[in-house]
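**Q** next one to model:
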Amino acid sequence: MYCDKCHKQSPDNFERCVYCGAPLVEKKPPKPSRFVKTRRRLNPAVLRKRALLVAAVAALIAAAAIVTAAFTSSKPETVVRNIVRATESGNEDLYFDTYCDAFVRYQTEKVYFDDARTKEALTKPMRESDAFYRETCGDYRLRYHMLASRKVTGEELDAYRAYLHEYCGFTKNPSAVTVVDFTVEAKGEKGSYTSEYREFYCVRVGGRWYRSEKPTAVVEAETPAAE
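**A** Now for the predicted structure:
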């Protein structure tokens with residue numbers, strides 16, 4: 001038997017340890033807990049119902065992921081949609097968020113010198129459009145229609161990136177630039193009015209699309225010097 005005091009082994013029929021004289025106590029294996037569940041085989045019908053339930057939950061999760069991706073994915077049309085939604089609802093925050101942080105920061109530091117004045121200036125077109133549509137159409141609803149989309153590439157892309165650096169304060173190049181044409185139609189009890197937008201620039205920064213300025217100055221694309 002094993003001695004708990006000196007940790008040495010004595011013969012099994014001894015009542016005391018032959019080394020230290022401590023009493024030897026035979027240890028019995030612990031009784032199984034009454035809370036241990038016994039395994040049982042489930043009815044095949046129950047297993048089928050559980051499998052169907054798991055499949056249904058998985059399908060719902062997949063569908064929710066697809067719907068979420070559809071609404072959160074960003075593309076040039078997302079910019080147009082957000083501008084229209086913001087104007088229709090008077091949501092200045094949504095309208096303001098169509099500009100990327102680099103552009104807002106540059107406007108704040110170089111032009112308006114104040115966050116509130118920057119936001120007021122950049123959301124002014126939304127308020128002007130809302131006032132015009134209300135005067136012309138009454139309580140209105142907006143609907144937009146995409147006319148064309150053109151991806152800016154090559155030397156034109158280089159020139160536009162240089163423009164963003166020099167005139168808009170961008171420190172990093174946008175990963176993509178797209179020019180879109182679209183119309184916005186306002187309808188109300190007084191009538192309807194359609195606004196047409198041409199050469200509307202959108203830039204992708206950090207995986208998301210934002211509105212950008214149409215270039216008002218010509219910036220030559222950098223070309224490698226001849227050797």
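**Q** where's P76 relative to R211, distance?
**A** Summarising the geometry, the distance separating P76 from R211, computed by CB to CB, to the nearest Å, is 9 Å. Every residue, glycine included, has its C-beta placed from N, CA and C.
**Q** check H7 too.
**A** H7 sits at a distance of 79 Å from R211 (criterion: CB to CB).
**Q** quick one: V205 and A176 touch, right?
**A** No: in this structure V205 lies outside contact range of A176 using CB atoms under 8 Å: 9.2 Å.
**Q** where along this structure do the strands fall?
**A** For the chain, strands defined by DSSP state E occupy the ranges 141-151, 176-187, 192-205, 208-211.
**Q** mean neighbour count, those: which tops it?
**A** Burial of the strands of the chain is given as mean neighbour count (mean count of other CB atoms under 10 Å); strand 208-211 ranks first at a mean of 21.
**Q** now that strand: mean pLDDT?
**A** Averaged across strand 208-211, pLDDT comes to 96.
**Q** dump that strand to CSV, restricted to CA.
**A** Provided in CSV are the C-alpha atoms of strand 208-211 (Å, rounded to 0.1, in the frame of the first residue of the first chain):
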residue,chain,number,x,y,z
ARG,A,208,-15.0,52.2,-49.8
TRP,A,209,-16.2,54.6,-52.5
TYR,A,210,-16.6,58.3,-51.8
ARG,A,211,-17.6,61.4,-53.9
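**Q** by contact count, what packs against it?
**A** Packing contacts for strand 208-211, counted by 3 or more CB pairs under 8 Å, 6 or more residues apart in numbering; DSSP states H and E, involve helix 76-89, strand 192-205.
**Q** from the chain's centroid, how far away is the last one?
**A** For strand 192-205, the separation from the chain centroid amounts to 23 Å (computed by CA atoms, centre = their mean, to the nearest Å).
**Q** same question, the first one
**A** In terms of CA atoms, centre = their mean, the centre of helix 76-89 is found 17 Å from the chain centre.
**Q** so which bits of it are buried?
**A** Neighbour-count burial for helix 76-89, with 16 or more other CB atoms under 10 Å as criterion, is recorded at 76-80, 82-84, 86-88.
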